[in-house]
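Asks: my questions concern the predicted model and sequence given below.
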Amino acid sequence: MLKNEDLKNLKTRLNNITEEVVLETLAKMLKREEFKDVCKDEECLLDMASYALNRLPAKYVATSKGKVISKSEELEQQHSVDVLSVVTRAIKVVSENEHHHNNK
């Protein structure tokens, strides 16, 4: 029988590669001139990342070897296009609906 501490240990060893790719893509995209006026506070960044991650498949790995294999798969042309498209949409949707800025 698994103990709670065993489950916590397993959880810390799981890594969602899609999360890394989305965050890296988001950081690159937000440096573009077209997004210079987009809010980049923590709340908006979390909203953008959440929006994108909820629309892309999660890819979990548990070992460094798995991470390397999965990371190379992430660079496949179609997946890169999907991530770029979804992250771009996330930036636009969140920037058009900045709740915390509209309440001021």
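Replies: That came through, no problem.

Asks: give the contact list for the residue sitting nearest the centre point of the chain.
Replies: Centroid-nearest residue in the chain, with Cα atoms, centre = their mean: residue 22, separated by 3.2 Å. Residue 22 makes contacts with 49, 52-53, 56, 83, 86-87, as judged by Cβ atoms under 8 Å, 6 or more residues apart in numbering. Placement of C-beta: from N, CA and C, glycine included.

Asks: export these to TSV and tack on neighbour count, distance to residue 41 and secondary structure?
Replies: Output for those, formatted as TSV (neighbours: other Cβ atoms under 10 Å; distance: Cβ to Cβ, whole Å; DSSP: H, G, I helix; E, B strand; the rest coil):
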residue	neighbour count	distance to residue 41	secondary structure
49	18	13	helix
52	27	17	helix
53	19	19	helix
56	17	23	coil
83	20	23	helix
86	18	21	helix
87	27	17	helix
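
Asks: against residue 96, how distant is the residue nearest to the centre of the chain?
Replies: As judged by Cβ to Cβ, to the nearest Å, residue 22 and residue 96 stand 19 Å apart.
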